[in-house]
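Student: quick one, structure for this:
(one chain, ligands or ions: 1)
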Amino acid sequence: DEDDDEDKKRQAKKRKLEFGGQVLVDLGFDEMMNDKEIVSLCSQLAYTHSANRNASFPFSLVFTSVNGRTHQRLESLGDASYKRWANTTWMSESYEHLWKDTTSAQDTATTVAGDVQTAPASALEQMVSCPSVLSPTIAQNTFVYLTADTEDELTELKPNETYIIGGICDHNRYKNLCLNKAKESGIRTARLPIGRYLASLPTRKVLTVNQVFEILVKWVETKDWEESLYSVIPKRK
Ligand code: SAH
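Tutor: Below is the predicted model:
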């Protein structure tokens, strides 16, 4: 029986390890934030990486539109330590290039592969272009833009889909910003099922980039929305 248990655990672990999901952070909102908000956003990105690093089953994390003030701020932090974040890919182009213009995206993207802890000190030298992330096989209809402002609710995460988080800190100033952007790009939208599981909270509660990411990471581990949402959103007193 003990052996059976061990077997089951091993199988469960293997299944989860095979979850190949991808999360993309769209950094195309620089001109809509003031300097303080750019600073906050970059902290949120660092928390996001940190959650991914500590995850039992990390996502492949793609950052797009890395080209303006957010990029500058990242460059200034810890000797551009973002360049050594494991499982990340950085592109100066917008996410639309992933299905529209794969050749030019391929030229500029850099990927940091593997685990930070096992990477050699010169991890920077490991940055390579990553055709698998940027191949034309990423179909437009596998992208889902996450936004609190849509009616469609996430029911599960699928390994073959890419979930986009809007890389913006706007203190709820811009309603429907990401919803409208997704519509213009012709991709689906979905919101976290917050109202369904956390009855005391508004259905359209807007969270930060890292909160959303942490919920996704937790869901992959537990396959349980209630647990995932509660682990990140503090309960009301
Ligand atoms: N006004 C911005 C809000 C930024 S919050 C907007 O138009 O989206 C940062 C990002 O976190 C959002 O762009 C969205 O991708 C994600 N997000 C925040 N709350 C969410 C929720 N309840 N459901 C799904 N995604 C959410």
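Student: could you use CA atoms for every contact and neighbour count after this?
Tutor: Fine.
Student: kindly list the longest helix within this protein.
Tutor: If you go by DSSP state H, the chain has its longest helix at helix 35-54.
Student: show me what that one is packed against.
Tutor: With contacts defined as 3 or more Cα pairs under 8 Å, 6 or more residues apart in numbering; DSSP states H and E, helix 35-54 has these neighbours: helix 69-76, helix 209-222.
Student: so residue 59 touches residue 20, yeah?
Tutor: Yes. Using Cα atoms under 8 Å, residue 59 makes contact with residue 20 at a distance of 6.9 Å.
Student: more neighbours: which of these two?
Tutor: Of the pair residue 59 and residue 20, residue 59 is the one with more neighbours under other Cα atoms under 10 Å, namely 25 against 15.
Student: got a list of what residue 198 touches?
Tutor: Neighbour list for residue 198: 226, 229-230 [criterion: Cα atoms under 8 Å, 6 or more residues apart in numbering].
Student: what about it, distance to residue 231?
Tutor: 12 Å (Cα to Cα, to the nearest Å).
Student: how about residue 205?
Tutor: For residue 205, the distance to residue 231 (Cα to Cα) stands at 16 Å.
Student: and the next element down the chain from the worst-scoring helix or strand of the chain on mean pLDDT?
Tutor: Within the chain, confidence by mean pLDDT, DSSP states H and E is lowest for helix 131-134 among all helices and strands, at a mean of 45. As assigned by DSSP states H and E, the chain's next helix or strand after helix 131-134 is strand 143-146.
Student: what about residue 180, how many residues nearby?
Tutor: Residues near residue 180, counting by other Cα under 10 Å: 15.
Student: SS state for it?
Tutor: Secondary structure state of residue 180, per DSSP: H, G, I helix; E, B strand; the rest coil, is helix.
Student: just name the most buried of the helices and strands packed on helix 35-54.
Tutor: Across the helices and strands packed on helix 35-54, averaging neighbours per residue (mean count of other Cα atoms under 10 Å) puts helix 209-222 on top, at a mean of 21.
Student: would you reformat the helices and strands packed on helix 35-54 as CSV and include mean pLDDT and distance to residue 139?
Tutor: Below are the helices and strands packed on helix 35-54 laid out as CSV (pLDDT from 0 to 100; distance: least, Cα to Cα, whole Å):
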stretch, mean pLDDT, distance to residue 139
helix 69-76, 98, 27
helix 209-222, 97, 21
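Student: so which of those comes closest to the ligand?
Tutor: helix 209-222 (4.5 Å; Cα to the nearest ligand atom).
Student: the closest one and the ligand in contact?
Tutor: Yes. Using Cα under 6 Å from any ligand atom, helix 209-222 comes into contact with the ligand via 209, 212.
Student: what about dumping the CA coordinates of that helix to PDB?
Tutor: The C-alpha trace of helix 209-222 is given here as PDB (Å, rounded to 0.1, in the frame of the first residue of the first chain):
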ATOM      1  CA  VAL A 209       0.000  41.500 -12.100                       C
ATOM      2  CA  ASN A 210       1.800  39.300  -9.500                       C
ATOM      3  CA  GLN A 211      -1.500  38.500  -7.700                       C
ATOM      4  CA  VAL A 212      -3.000  37.200 -10.900                       C
ATOM      5  CA  PHE A 213       0.200  35.200 -11.700                       C
ATOM      6  CA  GLU A 214       0.300  33.700  -8.200                       C
ATOM      7  CA  ILE A 215      -3.300  32.500  -8.600                       C
ATOM      8  CA  LEU A 216      -2.400  30.800 -11.900                       C
ATOM      9  CA  VAL A 217       0.700  29.100 -10.400                       C
ATOM     10  CA  LYS A 218      -1.400  27.900  -7.400                       C
ATOM     11  CA  TRP A 219      -4.100  26.600  -9.700                       C
ATOM     12  CA  VAL A 220      -1.600  24.500 -11.600                       C
ATOM     13  CA  GLU A 221      -0.500  23.000  -8.300                       C
ATOM     14  CA  THR A 222      -4.000  22.400  -6.800                       C
END
